[in-house]
Structure formats: structure tokens, C-alpha cells
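>>> please work out how this folds:
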Amino acid sequence: MKPRTENPLVAVVGGSGAGKTWLADHLQQGVGNGVGRLSLDDFYRDRSHLSPSQREKINYDHPRAIDWPLFEKSLKACRAGRSIPVPRYDFMTHTRPPGRQTFHPKPLNIVEGLWLLLRPSVRSLFALRIFIDCSVRMRLARRLARDAAERGRSRESVRKQFWETVAPMHDRYVAPQRLWAHVVVESPPAPDRVRQLTDLLRTLQNSGRKA
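Down below sits the predicted model:
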């Protein structure tokens, strides 16, 4: 048997509030040991050089808010089995706190994010691409609950942002990625569907890609 030459990456893609983290959690738990996790959220650009008022004017629901060169470089290193320094991101201040956390790749690594399939050079790095289809009503409800509890946002500000930027950017940049997915699941996915995906990830983990 030829040695494994890279650690497969699995993309979990969907809109804000689609249930990406929920699905990634269940897949990781289902597969068990040997599964790592990365999030595109950690790679938002640092805005510490801007004043708070300037930061508030930025559209963080546009793909250009991401540090794509660093993200792509990190994915390639991860796939090659090399440990990488991952930046931390503070959504309340839109800045990167000092220091980075070191990520040690596993035999299989799940990556979640809004725009993982948008760029061909990034899309090609994933051995499996999963897209979560979720209604706008459910995504808004989940966004309200999350941002109020975790990011100190008022419900009014969350609704305003959702309809002014989140929903339009979803239609323009997130939804079209469905075309590049290997698998499309409805949110919330049925237990049988999650088990099917778990089995698929186990197979991917065990086989890997050979030279």
C-alpha cells in the first residue's frame, strides 16, 4: 500500500445560520478520533488599523472580508500534514487579538465557512464538499439567537444587518456554491442523512489519497 500523501479536507458550506457548526460537530463526533476542525471565520481580515466607526461601515458579509492568501496557504499546509498558526478573530471589535493558536492537522479535517467553494483555487483543495440548504426564516432566527448571546448584538441591529447585507450577499455569493458541492443537505438534516455523511467521512479518512 502506498503511503498517504495528504490529509483530506472536507468543506461544510452554507449561509449564516444554516447549521454548519452543528453538522460539523455531529460529523466529528460520529467519525471519532482523527478528525480536526478549522473555520473560515478565523481568517477575517484584521481591522485594528481602522477606527471603530470605520469598522462599522465595512460589509463583513462580502467575501473580500476574508484574508484569502493566508487561508489558502493554511489549507495547503494542513492538507500536507504540517501544523499551522491560526489567527484568532474578535467579532465584537473586528480585530485579531495578539497571538495565534497552533493547529495540528488530523488524518481528516473538516472546514466550515460561508465561501469555501467560491474560489476555484480553494475549492479544488477539498476532497468532499457539502452544502447546507436552509430557509431564510430559519437562518434569521438562528442568527438572532447567536449574535445576541455570543456577540453582544441587539435584536434590532441583527435584523437590520441581515436584511441589508446578509441576505443580499447570501443570494449573490453563498447560494451559487450549491452548484460546486458534491453533496447537498437540507437543514436541519435528518438523522439518516447525518449517518450517511458520517460513513462517507469514515471512508475518506481510512482511504486518504494515495500517491
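>>> pass me the low-pLDDT residue ranges in the chain, would you?
Applying pLDDT under 70 to the chain picks out residues 1-5, 148-152, 208-211.
>>> by contact count, what packs against the longest helix belonging to it?
Among the segments of the chain that qualify as a helix by DSSP state H, the longest is helix 191-207. Secondary-structure packing of helix 191-207 (3 or more Cβ pairs under 8 Å, 6 or more residues apart in numbering; DSSP states H and E): helix 20-31, strand 108-113, strand 128-133, strand 183-186. Bear in mind the C-beta positions are built from the backbone N, C-alpha and C, glycine included.
>>> run through the helices of this structure in chain order.
According to DSSP H, the helices that the chain contains are 20-31, 52-56, 68-79, 120-123, 136-150, 155-161, 167-169, 191-207.
>>> list the buried ones in the longest helix of the chain?
194, 197-198, 200-202, 204-205 (16 or more other Cβ atoms under 10 Å).
>>> just name the most buried of the helices and strands packed on helix 191-207.
Among the helices and strands packed on helix 191-207, ranked by average contacts under mean count of other Cβ atoms under 10 Å, first place goes to strand 108-113 (a mean of 24).
>>> list the contacts of that one.
7-13, 20-21, 24, 27-28, 31, 34-41, 75, 78-79, 126, 201, 204-205 (Cβ atoms under 8 Å, 6 or more residues apart in numbering).
>>> likewise for stretch 193-200?
The list of residues contacting stretch 193-200 from outside it, by Cβ under 8 Å, 6+ apart, reads 23, 26-27, 30-31, 128, 130, 183, 185-186, 189.
>>> hang on, the earlier thing: need the helices and strands packed on helix 191-207 in TSV with distance to Arg96, can you?
Listed next are the helices and strands packed on helix 191-207 as TSV, based on distance: least, Cβ to Cβ, whole Å:
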stretch	distance to Arg96
helix 20-31	20
strand 108-113	17
strand 128-133	27
strand 183-186	32
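>>> which one, of these, ends up nearest to Asp171?
Taking Cβ to Cβ, strand 128-133 is the member of the helices and strands packed on helix 191-207 nearest to Asp171, at 13.1 Å.
>>> tell me what the closest one is packed against?
Using 3+ Cβ pairs under 8 Å, 6+ apart, strand 128-133 sits against strand 9-14, helix 20-31, strand 183-186, helix 191-207.
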